[in-house]
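Enquirer: here are the coordinates; sequence isn't available:
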């Protein structure tokens, strides 16, 4: 049974595919919010997937609307490919909740889909929590299937071996790359002490994508959201000495272009979260 249902691929020429899933590697919802700025969720999908075999509905329950005591609507998780055009360039946006099941079959179907459309490049957007301050520009880490694919002054990294639990987007990246499609990943680093959506990272991803594709991309309401969030974070940080001291330390490391060793970084984050865990929260700073 094919997981992919194709609805309309009319006149699509050598598209770029941009991917982001809501779940793992989407800290602060930065990647999925970035894609929402590119294509409206109401835009008709050119391809959809069999949600009933991809999702565990007990983990991702459909949302029920109850109007005046009457159940009226169910909003089901959906994974879809939507089409947009950025300055005469066909861009296909693959987004939705991260599938729970059948990742390998999904990858096989998307390989066939990519070959059918002669996909020019496959770009994954993501976001990860990191020891970075909210007071500095959002760092972007890059991955590439072969040297020289990354743009926007993003460097591949980190150097050496980094072993982490894989996301579904990573399975797709490797599979699509093995099929011969140039594959790139841009991952924003989100301050780990912040909960909730983080608009600055979504903006950073859009700006990076804009430079990669060499087309202007509007960030829309994300700019005002980022300004409001920055004001709240600054106020919350100023009110708490421990948080202020910690943010200042992160600022120093960034300004000196110095990263802590892995063990130091992990112990530092764990210590900070442990100390904060016994105290009341301040805004969106945890």
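Expert: Sure thing, it's come through. In this text the structure is predicted, and so the values were computed from the model without any measurement.

Enquirer: I'd say residue 213 and residue 84 touch.
Expert: No - under the contact definition of CB atoms under 8 Å, residue 213 does not touch residue 84, with a separation of 11.5 Å. The way it works is simple: take the backbone N, C-alpha and C, and place the C-beta from them, glycine included.

Enquirer: Need the overlap of contacts for the two.
Expert: With contacts defined as CB atoms under 8 Å, 6 or more residues apart in numbering, the residues shared by residue 213 and residue 84 are residue 91.

Enquirer: Looking at the two, which is more packed in?
Expert: residue 213 (19 against 16; other CB atoms under 10 Å).

Enquirer: which residues touch the more buried one?
Expert: Applying CB under 8 Å, 6+ apart, the residues near residue 213 are 16, 86, 89, 91.

Enquirer: could those be laid out in JSON lines, adding secondary structure and pLDDT?
Expert: Below are the contacts of residue 213 laid out as JSON lines (DSSP: H, G, I helix; E, B strand; the rest coil; pLDDT from 0 to 100):
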{"residue": "16", "secondary structure": "strand", "pLDDT": "98"}
{"residue": "86", "secondary structure": "strand", "pLDDT": "91"}
{"residue": "89", "secondary structure": "strand", "pLDDT": "90"}
{"residue": "91", "secondary structure": "strand", "pLDDT": "96"}
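
Enquirer: Give the helix, strand or coil label for residue 185.
Expert: Three-state call for residue 185 (DSSP: H, G, I helix; E, B strand; the rest coil): strand.

Enquirer: from memory residue 6 sits against residue 46, does it?
Expert: Yes - with contact defined as CB under 8 Å, residue 6 and residue 46 form a contacting pair (7.2 Å).

Enquirer: between the two, what contacts are shared?
Expert: Residues touching both residue 6 and residue 46 by CB under 8 Å, 6+ apart: none at all.

Enquirer: out of these two, which sits in the more crowded spot?
Expert: Regarding residue 6 and residue 46, a neighbour count based on other CB under 10 Å identifies residue 46 as having more, with 19 against 15.
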